[in-house]
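Engineer: pasting the structure only:
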């Protein structure tokens, strides 16, 4: 059925009409990718760290797993996250892409996907130009993610069926910003013993938010297509 988003009642409607069952199936697949991709990314870097001899997840960052023997596994993990993040952004465009603030937020999420993809070509090599680019990219990804989530939160507040996700989205945006600033400005001696743990918290919190929002998108998408 033709499901147009209503700006007045904010009902369970799609921002972009899906007139064919194949398109509805595509939307579900994209949203599922946005839901499962982060979980797989977390699982893979946990397994990669466990398999790496001498690797300390409390002290060493996830990006260090892309270096040395077996680094291909974490490199593939970044590729997985980039692709599923892009799928999530596209699914969000179909369901929330009405209004320029919402579209800017979704474009920000797409840029995050691009950032994860670029990390493949700029590994975290200490003392090299590629390592410096890697550091700048990770900082940019965190800030862009925060900006995208903030813009989406504003949109979610205006839609009754989505409002339950608005405050968590805003909270995650502010927490991500706080953690990113701490990562950049905390004294080195404060982070030395638990840099890996800190980074994992900074990574996992936004990904858990994405998984939760993707689950809500699946629920709203089913209601919109069935007309319930």
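Structural biologist: That came through fine. Because the structure is a prediction, the values reported are computed rather than measured.
Engineer: who are the neighbours in contact with residue 47?
Structural biologist: residue 73 (C-beta atoms under 8 Å, 6 or more residues apart in numbering). Where you see a C-beta, it was placed from the backbone N, CA and C, and this is true even at glycine.
Engineer: name the element it belongs to?
Structural biologist: Under the criterion of DSSP states H and E, residue 47 resides in helix 21-51.
Engineer: after that helix, next one along is what?
Structural biologist: Per DSSP H and E, the first helix or strand lying C-terminal to helix 21-51 is helix 71-96.
Engineer: And that next one, what does it pack against?
Structural biologist: Judged by 3 or more C-beta pairs under 8 Å, 6 or more residues apart in numbering; DSSP states H and E, helix 71-96 is in contact with helix 21-51, helix 100-119, helix 129-157, helix 195-226.
Engineer: Now that helix: buried residues?
Structural biologist: Buried residues in helix 71-96, defined by neighbour count with 16 or more other C-beta atoms under 10 Å: 74-75, 77-78, 80-82, 84-96.
Engineer: possible to save the helices and strands packed on helix 71-96 as CSV with mean pLDDT and distance to residue 187?
Structural biologist: Formatted as CSV, those follow (pLDDT from 0 to 100; distance: least, C-beta to C-beta, whole Å):
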stretch, mean pLDDT, distance to residue 187
helix 21-51, 92, 25
helix 100-119, 93, 26
helix 129-157, 91, 17
helix 195-226, 86, 12
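Engineer: Which among those helices is found nearest to residue 164?
Structural biologist: Closest approach to residue 164 among those is made by helix 195-226 (7.6 Å; C-beta to C-beta).
Engineer: quick one, that closest one and helix 71-96 angle?
Structural biologist: Inter-element angle recorded for helix 195-226 and helix 71-96: 40 degrees (by axes from the mean of the first three to the mean of the last three C-alpha atoms, to 10 degrees).
Engineer: Tell me who's in contact with residue 144.
Structural biologist: 108, 111, 112, 115.
Engineer: re the thing from before, is it possible to get a markdown table of the helices and strands packed on helix 71-96 that adds distance to residue 60?
Structural biologist: Shown next, in a markdown table, are these (distance: least, C-beta to C-beta, whole Å):
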| stretch | distance to residue 60 |
| --- | --- |
| helix 21-51 | 8 |
| helix 100-119 | 16 |
| helix 129-157 | 14 |
| helix 195-226 | 5 |
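Engineer: Out of the contacts of residue 144, which comes closest to residue 48?
Structural biologist: Among the contacts of residue 144, residue 115 lies closest to residue 48 (C-beta to C-beta), at 20.0 Å.
Engineer: how near is that closest one to residue 190?
Structural biologist: Distance from residue 115 to residue 190, counting by C-beta to C-beta, to the nearest Å: 26 Å.
Engineer: same deal with residue 120?
Structural biologist: 30 Å.
Engineer: Looking at these two, which one has more neighbours?
Structural biologist: Ranked by neighbour count (other C-beta atoms under 10 Å), residue 120 and residue 190 place residue 120 first, with 15 against 11.
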